[in-house]
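> here you go, sequence then predicted model.
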Amino acid sequence: MAGRCHVVLIGPQGSGKGTQAARIAPRLGLVHVATGDLFRQLMTRDDELAREVRSYYDRGVLVPDDVTLRVLLQRLDELERETSDSFRGALLDGYPRNRAQAEALDEVLRDRGDEIAAVVHLVVPRAVLIERLSGRLICPQCGATYHVRFSPPKTPGRCDHCGSALVQRSDDTPEAIARRLETYEQQTEPLLEYYRARGLVVDIDGNQPIEVVTEAIYAALEPHVGDPV
Ligand code: ADP
Ligand code: ADP
Ligand code: ZN
């Protein structure tokens, strides 16, 4: 079996990674893998690991690299097992977030014979990010993302896909938002240079309507990833 081709999405909190990944992944035959979603799912359990993750998550602090890598690998292995031949690659949303994670990812992909096809960088001004994050609503059941004004559900407070009651994320508080954006600037943004040196980065203006951003990403990725077979 030939190696798989993964795409990495990098952008600050609120830049639209989750929103765009959900729209782009099916079109390119990729699976949306978001470490934040994996953690939110994990935290619905009542065990030691769930409590440990929550202690970082709610403060807006990165979960330790070893725990994060383990959770990511578990998901990739699960996809290999469950979808085997139809799994062409992952659209990674929220991983890697620091240099150690980027190096760990390179190593893991090398071992698997996989590669990174492209890194999509979503560019959005800070004032817009804060406005987006303070109105964000998510579906605790299926992970769909909404915004009270910019992307409202058809029925107020209800998920379009599964009908569940929408909630605000426990870390979308002003303090946790500020801390996460600072961590992004200090630890995640420098990764762009790491990937730029390998010619992998495509910069996308994320401060446009959702549909326009989707088309821009699709146009940039299509030559790298191609159409699903
Ligand atoms: P990220 O995953 O990068 O943190 P999200 O996809 O969760 O970002 O988007 C953050 C918030 O902004 C959500 O409430 C979403 O509905 C809204 N949003 C996403 N993209 C846009 C856009 N292009 N224009 C306006 N609002 C957007
Ligand atoms: P955001 O991008 O708004 O921070 P995510 O849903 O991607 O939202 O992540 C939420 C939280 O999950 C983070 O604040 C962090 O605690 C944890 N997390 C997600 N991805 C990672 C990662 N790659 N490394 C460490 N912690 C992570
Ligand atoms: Zn839902």
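Everything's here; your move. Ligands and ions are numbered 1, 2, ... in the order given.
> for the residue nearest the centre of the chain, which residues are in contact?
In the chain, the residue lying closest to the centroid (Cα atoms, centre = their mean) is D93, at 1.9 Å. Applying Cβ atoms under 8 Å, 6 or more residues apart in numbering to D93 gives the contacts 9, 17-18, 21, 32-37. Where you see a C-beta, it was placed from the backbone N, CA and C, and this is true even at glycine.
> the closest residue to it other than its chain neighbours: how many residues sit nearby?
Closest residue in space to D93, ignoring its immediate chain neighbours: A34 at 4.1 Å, by Cβ to Cβ, 6 or more residues apart in numbering. Counted with other Cβ atoms under 10 Å, residues neighbouring A34 total 23.
> re the thing from before, pLDDT value on the residue nearest to the centre of the chain, please?
At D93, the model reports a pLDDT of 97.
> bridging residues for it?
In this entry, D93 is beta-bridged to L9, A34, by DSSP bridges.
> ok, L76 to R70 distance?
From L76 across to R70, the span is 11 Å (Cβ to Cβ, to the nearest Å).
> who's more crowded, these two?
Neighbour count, other Cβ under 10 Å: between L76 and R70, L76 has more, with 20 against 12.
> element containing that one?
L76 is part of helix 65-83, with elements assigned from DSSP states H and E.
> close to ligand 2, is that helix?
Yes. Using Cβ under 6 Å from any ligand atom, helix 65-83 comes into contact with ligand 2 via T68.
> which residues sit against that helix?
31, 33, 35, 38-39, 42, 49, 52-53, 62, 87, 90, 95, 98, 100-101, 104, 108.
> can you tell me the closest non-neighbouring residue to G3?
Spatial nearest neighbour of G3, chain neighbours left out: G113 (3.8 Å); criterion: Cβ to Cβ, 6+ apart.
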